[in-house]
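**Q** quick check, what structure comes out for this input:
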Amino acid sequence: MAPSWAPGPMHSPRVTGDRRSAIRQEQNHDANRQQHQAKQTSLMVAVRLQPMLKRNREDILREVDGRMVIVLDPDQSKSYLDEVQGRTKEKKYTFDRVFGKHCTNTDVFKGTVEPILVDVVNGISTTVIAYGATGSGKTHTMVGTLQDPGMMVLALDKVFWELEQRLDYHAEVTCSYLEVYNELIYDLLVPRSTPLDVREDPHGGIKVAGLRALKVTNASDMTRLLEEGNRRRKTEPTSANATSSRSHAVLEISVTQTARNQVHSQQVSSKLTMVDLAGSERAADTGNMGQKMRDGANINRSLLALANCINALGKAAGGRSLAYIPFRDSKLTRLLKDGLVGNSRALMVATVSSLAEGYHTTVNTLKYADRAKEIKTRVHANVSDVETHIAEYQRIITGLQQEVSALKRELSAKEEKVERMNTDEEAWEHMQALLEQMSQNAEELVNLQRAMFEVEEQNNHNRWEAAQLDRALSERAFGSEEERRRLQGRHREVLEAIEANDGSRRLMGEDTQANDHARHRLQQQLDEDAMLAARSGRGSKETLFLALQQRMASAQLIELQFQMAVRDQLIAEQRAALAVAAHVMECVGLRKEHVLQMSQERGVAGVDNMLAMMERAVLESPSEGNFSGEVAMEQYAFWSTHGPAVDRPPTVCAGDPKRLRKHSNIQ
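**A** All right, here's what the predicted structure looks like:
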């Protein structure tokens with residue numbers, strides 16, 4: 001008799017729930033393998049002919065059926081080849097697409113990039129490379145203008161439009177933008193970026209350490225970042241191009257999509273890499289010298305390394321050679337390694353000039369693109385089941401739990417250390433550290449105030465000298481044109497010094513505010529320590545001693561500030577006294593030359609410095625009644641120039657000694 005679980009003759013075998021789930025997963029995996037099986041594809045090459053921007057120039061390019069380019073040799077001296085040998089001077093090249101001189105960036109985009117962007121959304125990475133000689137229109141093709149947007153802008157709009165149509169998936173888009181300038185990599189999305197290093201991840205491919213990847217949610221944000229990066233890109237004018245790009249630019253857009261509201265969901269990831277190469281150039285054509293010539297040499301070196309990689313890949317694809325592919329010869333080739341041999345579809349857009357003067361560069365560009373047609377890659381969609389990562393998630397969770405445990409142990413040790421700080425030695429060290437910080441804070445404040453005073457003194461002298469120079473220039477008190485130019489130059493130097501000193505004073509003021517904030521912070525820390533010691537009943541002796549020291553330092557600081565205020569008052573009074581002395585000398589009719597002569601005869605030193613200080617004091621003396629600084633300045637200037645004379649303008653002090661006593665504070 002058959003057991004009760006045995007199937008009958010007309011019934012299918014019973015399958016448990018676990019077995020049914022395993023069968024379903026295996027069927028899904030088989031379907032994914034069949035759907036996303038790697039397929040071989042060739043590098044697509046398109047050529048764009050530059051319009052004839054200059055009239056009455058010879059056009060050497062012809063486009064035939066949108067697939068062929070014919071290059072005419074502008075050298076008419078070889079016409080005998082046609083007559084004698086029956087040979088032609090024309091060169092013919094066939095590509096996947098050829099765009100004529102009247103095509104716009106939108107035409108090029110729709111014929112090359114747009115058809116493959118659907119695959120980007122479906123998980124197939126794509127690399128687009130723009131190559132050509134300098135001035136042939138690469139950057140215009142990739143970036144474009146407001147009236148004719150380039151392929152980068154059009155591709156961003158298309159990618160986000162495709163993502164909006166996939167309602168069953170949640171998409172996350174990040175972008176990065178870099179440039180390769182003189183074999184150094186810079187982040188175009190970071191102001192004043194430092195050089196970055198290239199790293200190779202066995203699982204993630206080529207990576208740039210420290211490169212900023214920003215998350216974007218719409219095409220307008222991406223376009224804004226693109227414009228921001230283009231403003232930071234290195235460009236220089238040359239004889240061949242007014243805005244020649246001196247670096248290779250690489251824009252990378254990463255797309256990660258996850259199915260919504262599904263337990264067994266799939267994750268689709270892909271990258272769109274768009275490369276705007278710097279133009280190959282000949283120094284004889286561009287006329288570059290110095291740094292521009294060195295930049296051009298580095299550009300050609302990296303493009304030569306890329307050409308060597310393309311030649312080696314073409315030979316390897318044809319089975320003709322197993323030569324080593326020199327990706328490490330340049331930073332550019334390392335960045336393009338994944339696009340040329342990795343899981344990525346590749347597209348090259350070669351731009352060529354139609355002018356006869358660019359015949360050799362045009363032919364070289366077409367040969368370059370013709371060799372690239374031979375490159376073949378195997379691509380497949382980057383689709384993974386989230387369920388396959390559960391073990392990885394478990395490992396990450398375990399690691400995080402271990403890290404949390406370690407942090408808890410470290411926190412517990414720190415708390416124990418804080419509790420042990422009640423010992424005399426640790427409390428004393430803590431007190432000494434705070435006291436040292438307070439002393440440094442007070443010393444820094446004194447130095448700042450002293451420096452501000454010195455800067456102000458120097459500025460006062462500069463303002464006096466500027467006023468003297470202004471008067472000399474306005475009164476034409478100079479003997480020759482050379483003397484006038486010398487005075488004007490000195491006047492500019494003095495004004496620049498005044499502006500620099502004002503800037504230094506503002507900075508010192510900011511430093512003074514920062515010093516005051518630091519002092520308040522130290523005071524707050526001291527109060528907290530005192531409160532903690534009072535609550536715990538430990539360390540009160542050390543804390544009180546520290547508080548006493550701090551209060552003493554505060555008192556010393558107040559005393560120092562008072563001394564500085566007294567010194568400023570004394571200086572102001574001395575200046576007022578000097579101004580009065582100058583006024584008195586003017587009233588009695590003493591001449592500057594007479595005073596200097598008398599001082600030399602009697603051996604009195606320092607009189608010239610005193611006279612200069614009197615001039616400054618006259619300029620800076622405050623207005624008081626009729627005795628204003630301006631009047632005193634005019635009288636003293638008259639005295640220093642002409643001396644006592646019969647027709648000297650009347651002074652306010654003549655016959656008025658009371659006013660002199662009033663201004664000089666004589667009681």
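**Q** next, the buried residues of stretch 582-596.
**A** 582-583, 585-587, 590-592, 595 (16 or more other CB atoms under 10 Å). C-beta here means a position set from N, CA and C on the backbone, and glycine is covered the same way.
**Q** actually stretch 206-226, sorry about that
**A** By 16+ other CB under 10 Å, the buried positions in stretch 206-226 come out as 206, 208, 211-212, 216, 219, 221-223, 225-226.
**Q** which SSE is Thr141 in?
**A** Counting by DSSP states H and E, the element that carries Thr141 is helix 138-142.
**Q** so how far is that helix from its chain's centroid?
**A** 23 Å (CA atoms, centre = their mean, to the nearest Å).
**Q** hang on, the earlier thing: pLDDT added to the buried residues of stretch 582-596, as a markdown table?
**A** Below are those laid out as a markdown table (pLDDT from 0 to 100):
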| residue | pLDDT |
| --- | --- |
| Ala582 | 71 |
| His583 | 72 |
| Met585 | 73 |
| Glu586 | 69 |
| Cys587 | 75 |
| Leu590 | 72 |
| Arg591 | 71 |
| Lys592 | 71 |
| Val595 | 75 |
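**Q** for the residues you listed, which one is nearest Ile124?
**A** Nearest to Ile124 among the buried residues of stretch 582-596 is Ala582, at 89.1 Å by CB to CB.
**Q** from Val494, how far out is the closest one?
**A** Between Ala582 and Val494 the computed distance is 22 Å (CB to CB, to the nearest Å).
**Q** picking up where we left off before, and the buried residues of stretch 206-226, which is closest to Val383?
**A** Proximity of the buried residues of stretch 206-226 to Val383, judged by CB to CB, is greatest for Ile206, which lies at 21.8 Å.
**Q** host element of the closest one?
**A** Assigned by DSSP H and E, Ile206 belongs to strand 205-209.
**Q** quick one: average confidence on the helix or strand following that strand?
**A** The helix or strand immediately downstream of strand 205-209 is strand 214-216, counting by DSSP H and E. Averaged over strand 214-216, pLDDT sits at 92.
**Q** roughly how far is strand 214-216 from the heart of the chain?
**A** The chain centroid and the centroid of strand 214-216 are separated by 18 Å, computed with CA atoms, centre = their mean.
**Q** now do Ala317 against Val341, distance only.
**A** According to CB to CB, Ala317 and Val341 sit 10 Å apart.
**Q** also Thr141?
**A** For Thr141, the distance to Val341 equals 25 Å [CB to CB].
**Q** same thing with Val383?
**A** Distance, Val383 to Val341, using CB to CB: 21 Å.
**Q** more neighbours: Thr141 and Val341, which one.
**A** Ranked by neighbour count (other CB atoms under 10 Å), Thr141 and Val341 place Thr141 first, with 26 against 18.
**Q** where does the more buried one land on pLDDT?
**A** 92.
**Q** so it makes contact with Val108?
**A** Yes: Thr141 is within contact range of Val108, at 6.3 Å (criterion: CB atoms under 8 Å).
**Q** any common contacting residues for those two?
**A** 48, 151, 349 (CB atoms under 8 Å, 6 or more residues apart in numbering).
**Q** closest to Val363 out of these?
**A** Arg48 (16.0 Å).
**Q** contacting residues for the closest one?
**A** Contacts of Arg48 by CB under 8 Å, 6+ apart are 98-99, 103, 108, 137, 141, 349-352.
**Q** switch the cut-off to 7 Å
**A** Applying CB atoms under 7 Å, 6 or more residues apart in numbering, we find Arg48 in contact with 99, 103, 108, 137, 141, 349, 351.
**Q** three-state assignment of the residue lying closest to the second one once chain neighbours are set aside?
**A** Read it as Cys103. With CB to CB, 6 or more residues apart in numbering as the criterion, Cys103 has its nearest non-adjacent residue at 6.9 Å, and that residue is Arg48. Applying DSSP: H, G, I helix; E, B strand; the rest coil to Arg48 yields a three-state assignment of strand.
**Q** hey, what's Arg48 bridged with?
**A** Under DSSP bridges, the beta-bridge partners of Arg48 are Phe99, Thr351.
**Q** for Val108, see how far away it is.
**A** With CB to CB as the criterion, Arg48 and Val108 are 6 Å apart.
**Q** overlap in contacts of these two?
**A** Common contact partners of Arg48 and Val108 (CB under 7 Å, 6+ apart): 99, 141, 349.
**Q** element containing Leu487, please.
**A** Using DSSP H and E, Leu487 falls in helix 481-536.
**Q** now do that helix: which elements does it pack against?
**A** Contacting helix 481-536 under the criterion 3 or more CB pairs under 7 Å, 6 or more residues apart in numbering; DSSP states H and E are the following elements: helix 424-474, helix 540-588.
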